[in-house]
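>>> how would this look folded up:
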Amino acid sequence: MLLDARQLPENETLDADLCIVGGGVAGITLALELIGSPLQVILLESGGMHYDERTQSLADGPVLGFQYDALANSRLRMLGGSSNHWAGHCIPLSPIDFEARPGIPHSGWPITFDDLSTYYDRAQPYFELQTERPYDFDFWAKRIGINPLPFDPDIFTSIPMNESPPTLFGHTYADRLSRAENVTSYLNANVLQLEANETASQVNSAQVACIDGPRFTVRAKRFALCMGGIEIPRLLLLSNGVAAAGLGNSHGLVGRFFGDHAAVRPSMRFLAQRKLRDLDLYSKQHFFETGGVFPAIALSEATMRKEHLPGVLFHLIDSEVSPGEVSLWNLREGMRKGEMPDYLARQVANLFTDLDGVTNSFYREMSGDREPLIDRPWYSPWLTFECTPNPESTVHLVEERDLFGQLRIGLDWRLTELEMRAVKRGTELFIQELGRIGIGRAWTDVLREDYTWPDFVARGKHHCGTTRMSDDPRTGVVDANGRVHGMSNLYISSSSVFPTMGYANPTLTIGAMSIRMADLFRTHAMSGEL
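The predicted structure is shown next:
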């Protein structure tokens, strides 16, 4: 059933075997997997079927550290969660992402890639992905009919991002949730606090409220938190009626190790010697009746191990402008503002090394024609990098309150020299490979000794790490099954449990982990352990 919680009586108490908090990809996948199981399931979603400004405001909070999007804009509170505004890129994590690696502090999962491999297969249909050899790059390159670029396999590997339509989980699966006999989903239901027993070893109930009322209670044998990597730690920290530091926080790790995918767009610009069809393989999405792929170029596991680097991924992007055009614009803006642009000498040098671009800029301005006078094949690769685990990168409660009067959470995201080294070395290796293959020559500021983070570093808004997974409660918040350390019936399925995130978008892994958790719950229910 799919119900509006605003229709419940005030102070109603609902009972279930399992209470799922959050109706995004993780929560909906978990609920769908449990349809027809012996479990009576309640799913609580903060929003409704459509965007609501007041509900969305509950996700707001201050950005305290490195540049970031407004928190209220980085997650959606409505059925389907952030699947309502995602790009649809899907790919599993790589085996190396699960390893504890020298040079990457705090890396390593308590599970391996093999522990998730079958669940990745089962997750594919939820995202409406093609299932025939979905991550075999050579298979898809042959089907597309374009030869892959001959990168040194010890340096770069070509990967096929599997393209979801993208699937909007709320709208796609609302009917199945409505017809489910053992799953009742409540919309507009905001969980304010989890109430634990006197030893904070078990959650007894969730206190829930609609914005304009009513308030009600959900009691369950087991609770699964399926929100994002900011809202889950917020709820745990607010649930401090018994444990003053919040639930699951006996070692002060809830909210630490915040991570995201970040990107320098572009990290360089390169001029191809000619318009190569091979480059079209990487610069375009390719669609078929059974789905689509978006090829990308990733740093090889061999290089990551040898040089102790995190994951680095390149997307080739056709460029409408060249370095000379960009530098001419920067110099003009600097003169208009009475300020020197960054890297002044390089800006001037770009004018002389890219006279075609300067000519195109003047031509566009004088003619009003957006098409260039001199057409040359420029590309602007986007470099996406994995943020390495950093305990000083945190989310924590702040002295601001939402419309329920609850403390908001602030984000103090911090990038380190490890991320800068990944950007510089990734760019350097890519430029070297462009030259070795004979594709063309590149322009970049990234390799300057005085290079600093640009004014805009793109964010994936993939909130990871804040309730990280670990066998040891001194180094993580949940165990290998997603159960909160020290608590018998509180589980988390979210990218918040990722100790490291690789270069892969997390959504497919979130789905796979929810399916794995559903199998665990079903087994426990049938054996009487729930």
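
>>> C-alpha only now, for contacts and for neighbours.
Fine.

>>> can you report phi and psi for the residue most central in space within the chain?
For the chain, His462 is the residue whose C-alpha lies nearest the centre (CA atoms, centre = their mean; 2.3 Å). Main-chain dihedrals, His462, degrees, to the nearest 10: phi -100, psi 90.

>>> ok, it - contacts?
Applying CA atoms under 8 Å, 6 or more residues apart in numbering to His462 gives the contacts 229, 259-261, 495, 505-506.

>>> in JSON lines, list those residues along with pLDDT.
Shown next, in JSON lines, are the contacts of His462 (pLDDT from 0 to 100):
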{"residue": "Gly229", "pLDDT": "97"}
{"residue": "Gly259", "pLDDT": "97"}
{"residue": "Asp260", "pLDDT": "97"}
{"residue": "His261", "pLDDT": "97"}
{"residue": "Ser495", "pLDDT": "98"}
{"residue": "Asn505", "pLDDT": "96"}
{"residue": "Pro506", "pLDDT": "97"}
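
>>> now, among the residues you listed, which is nearest to Pro153?
Proximity of the contacts of His462 to Pro153 (CA to CA) peaks at Asn505, which lies at 22.1 Å.

>>> ok, the residue nearest to the centre of the chain to Pro391 distance?
His462 sits at a distance of 17 Å from Pro391 (criterion: CA to CA, to the nearest Å).

>>> circling back to that earlier point, go through the contacts of His462 and say which is closest to Arg401.
Closest to Arg401 out of the contacts of His462 is Gly229 (19.2 Å), distances taken as CA to CA.

>>> what residue ranges in the stretch 201-350 of the chain score low on pLDDT?
275 (pLDDT under 70).

>>> try 90
Where the stretch 201-350 of the chain drops to pLDDT under 90, the residues are 273-278, 284, 288-291, 318-350.

>>> strands along that one, start to end?
Ranges of strands in the stretch 201-350 of the chain, per DSSP state E, counting those that start in this stretch, are 203-209, 215-225, 261-264, 269-272, 286-288, 291-299, 312-315.

>>> what's the fifth one packed up against?
If I follow you right, that is strand 286-288. In terms of contacts (3 or more CA pairs under 8 Å, 6 or more residues apart in numbering; DSSP states H and E), strand 286-288 is packed against strand 291-299.

>>> ok, back up a step: which of the strands of the stretch 201-350 of the chain is buried the deepest?
Among the strands of the stretch 201-350 of the chain, ranked by average contacts under mean count of other CA atoms under 10 Å, first place goes to strand 312-315 (a mean of 26).

>>> sheet partners, orientation included, of that one?
strand 291-299 (antiparallel), strand 382-386 (antiparallel) (DSSP bridges).

>>> can I get those in TSV with distance to Asn188?
Output for the strands paired with strand 312-315, formatted as TSV (distance: least, CA to CA, whole Å):
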stretch	distance to Asn188
strand 291-299	34
strand 382-386	34
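
>>> let me know which of those is the nearest to Leu64.
Closest among the strands paired with strand 312-315, using CA to CA: strand 382-386, at 20.6 Å.

>>> ok, and what's touching the closest one?
Strand 382-386 has contacts (CA under 8 Å, 6+ apart) with 260-267, 310-317, 419, 422-423, 427, 501-503.

>>> thought Ala72 was touching Val63?
No. With contact defined as CA atoms under 8 Å, Ala72 and Val63 do not form a contacting pair (10.7 Å).

>>> how about Ser83, what does it touch?
Neighbouring residues of Ser83 by CA under 8 Å, 6+ apart: 24-25, 166-170.

>>> between the residues you listed, which sits nearest Leu79?
Nearest to Leu79, judged by CA to CA, of these is Gly170 at 4.6 Å.

>>> just give the number of residues close to the closest one.
Neighbour count for Gly170, taken as other CA atoms under 10 Å: 23.

>>> correct me, but it touches Gly81?
Yes. If you go by CA under 8 Å, Gly170 and Gly81 touch, sitting 7.5 Å apart.

>>> can you list residues touching both of those two?
Common contacts of Gly170 and Gly81 (CA under 8 Å, 6+ apart): 23-24.

>>> number of residues surrounding Ser527?
Look at Ser527: counted by other CA under 10 Å, it has 9 neighbours.
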